[in-house]
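Peer 1: have a look at this prediction, sequence included:
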Amino acid sequence: MPKSVYTCDFSATCNRQIASHDNDPIGTPMNKISNRAGSQLFDRLSTGYHAGLDLKTLWERETHSINPLLARNARTVLEQVGSGTTLAEGMARTNGYFAPLTIAVVKAGESSGRLEQSFRRLSTHYETWHRFRRDTLASMAWPMFELGFAILIIGGLILLMGWAMSSINPNGMDWFGWGWGTTEYFRAYVALVFSGLTGIGLIYAGSRLGWFGSLPASVARYIPLIGGIMKNLSLARYSWALSAALGAGMNVIESVRIGLDASQDARLIELEPQITQNLVDNKTIYETLALTKRFPDEFLTFVSNGELSGELPETLDRLSTTYQGRVETGLNLLKVATFIGTFLIVAVLIGGAIIFLFTKVYLGALQEFAV
């Protein structure tokens with residue numbers, strides 16, 4: 001197999017390019033652009049750039065946005081671009097408003113002269129996740145309403161049955177034979193519901209704010225369907241960013257660095273030293289990626305064919321589209337699975353409450369009548 005035409009010497013220039021990327025600040029998730037705002041922003045940028053507007057004009061318009069967070073960060077970008085920095089560098093100085101993936105894709109687009117395509121790709125990316133979030137929440141609305149209603153019904157049953165049984169036992173109904181009265185059972189039930197909701201809220205907030213590091217992502221990879229979506233998404237990001245960088249004629253080490261960052265996959269990013277060394281040793285990209293044993297055979301086959309044909313950037317671009325399609329298919333399946341799962345949880349709770357009530361009250365009453 002011929003050596004890759006994209007390899008370069010690991011010179012001071014390559015070192016300097018890679019080191020400069022480490023200066024990008026890491027911001028707080030509380031300051032991050034929303035999926036909807038991101039989709040709309042990059043759609044406007046793509047349209048304006050296609051119409052011939054320069055970056056300063058585009059970002060000056062965004063400073064007048066009705067979204068105060070966007071307007072404030074657009075001013076930061078405008079000031080940075082006006083002072084002579086690249087757009088990617090300017091976006092990296094917004095204290096985390098733009099995700100590392102977004103910055104990496106913009107950087108690849110600037111380097112390759114395909115900035116309009118980068119804007120369009122980012123708009124699609126944000127829109128996909130906004131639509132998934134919206135549709136998932138909509139599909140869960142009715143089951144969650146039923147769940148909330150079931151929680152209220154169960155709590156009401158505890159009070160109602162306690163009141164109904166008060167003529168027999170002043171303390172009400174002892175549901176589990178613990179010697180408790182209605183008040184104690186109701187308090188325990190409220191505490192249980194509150195603890196459960198609080199726990200779910202903390203887990204969600206902690207995942208969003210990065211309290212648990214890479215643990216949620218590591219666990220999610222082993223969950224059926226979700227793991228496949230994450231894998232396809234990281235490969236789609238990696239393929240497209242690497243395609244854009246190589247298509248611009250960038251040196252292969254910097255191109256791979258951009259691709260790995262864009263993947264947002266810790267399992268791929270940690271391979272950077274190994275991949276860099278293999279490229280320095282003048283191995284092809286196919287050989288380099290194959291040695292990591294982290295890429296699927298299908299992906300490696302496309303890379304090999306692309307290198308042999310001399311059309312690796314074009315091949316990676318088509319491959320990225322394929323993986324993106326799989327991501328959208330997986331998200332649709334996940335939406336359906338989420339609806340069904342939530343509905344089943346509600347059905348089990350309600351059904352279990354009815355069965356328990358029938359067993360405890362009706363059969364208990366028959367036993368007392370028989371005695």
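Peer 2: Yep, it's here.
Peer 1: check Gly364 and give its pLDDT.
Peer 2: With respect to pLDDT, Gly364 has a value of 56.
Peer 1: contact partners for Gln274?
Peer 2: When contacts are counted by CB atoms under 8 Å, 6 or more residues apart in numbering, Gln274 touches Leu291, Thr292. Bear in mind the C-beta positions are built from the backbone N, C-alpha and C, glycine included.
Peer 1: now the one helix or strand Ser243 maps to, how far from the centre of its chain.
Peer 2: For Ser243, the element it lies in under DSSP states H and E is helix 226-247. Computed by CA atoms, centre = their mean, to the nearest Å, the chain-centroid distance of helix 226-247 equals 14 Å.
Peer 1: could you list every helix and strand in contact with it?
Peer 2: helix 100-112, helix 115-165, helix 215-220, helix 252-263, helix 312-357 (3 or more CB pairs under 8 Å, 6 or more residues apart in numbering; DSSP states H and E).
Peer 1: now mean neighbour count and distance to Thr63 too, for the ones you listed, in JSON lines please.
Peer 2: Formatted as JSON lines, the helices and strands packed on helix 226-247 follow (neighbours: other CB atoms under 10 Å; distance: least, CB to CB, whole Å):
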{"stretch": "helix 100-112", "mean neighbour count": "24", "distance to Thr63": "18"}
{"stretch": "helix 115-165", "mean neighbour count": "17", "distance to Thr63": "18"}
{"stretch": "helix 215-220", "mean neighbour count": "13", "distance to Thr63": "35"}
{"stretch": "helix 252-263", "mean neighbour count": "25", "distance to Thr63": "27"}
{"stretch": "helix 312-357", "mean neighbour count": "16", "distance to Thr63": "32"}
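Peer 1: show me where the stretch 101-250 of the chain dips below the pLDDT cut-off.
Peer 2: Scanning the stretch 101-250 of the chain for pLDDT under 70 picks out 132, 136, 139-140, 143, 164-174, 208, 210, 213-214, 248-249.
Peer 1: mind running it again at 90?
Peer 2: 101-118, 120-187, 189, 196-197, 199-234, 236-250 (pLDDT under 90).
Peer 1: now the helices and strands packed on helix 226-247 in TSV, with distance to Asn73?
Peer 2: What follows is the helices and strands packed on helix 226-247, written out as TSV (distance: least, CB to CB, whole Å):
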stretch	distance to Asn73
helix 100-112	12
helix 115-165	15
helix 215-220	26
helix 252-263	20
helix 312-357	27
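Peer 1: out of those, the one nearest Ser65 is which?
Peer 2: Taking CB to CB, helix 115-165 is the member of these nearest to Ser65, at 15.4 Å.
Peer 1: before we move on, back to that, buried residues in the helix holding Ser243?
Peer 2: Residues 228-247 are the ones in helix 226-247 that count as buried (16 or more other CB atoms under 10 Å).
Peer 1: and it with helix 252-263, angle?
Peer 2: Here helix 226-247 points in a direction 150 degrees away from that of helix 252-263 (axes from the mean of the first three to the mean of the last three CA atoms, to 10 degrees).
Peer 1: out of the helices and strands packed on helix 226-247, nearest to Ala88?
Peer 2: Here helix 100-112 is closest among the helices and strands packed on helix 226-247 (CB to CB), at 3.7 Å.
Peer 1: centre of the chain to that closest one, how far?
Peer 2: Worked out by CA atoms, centre = their mean, helix 100-112 lies 19 Å from the chain centre.
Peer 1: likewise for stretch 307-320?
Peer 2: Computed by CA atoms, centre = their mean, the separation of stretch 307-320 from the middle of its chain amounts to 27 Å.
Peer 1: and Cys8, what pLDDT?
Peer 2: On the pLDDT scale, Cys8 is placed at 37.
Peer 1: on the three-state scheme, Phe194 is what?
Peer 2: What DSSP: H, G, I helix; E, B strand; the rest coil gives for Phe194 is helix.
Peer 1: I'd like to know how far it sits from Val348.
Peer 2: 21 Å (CB to CB, to the nearest Å).
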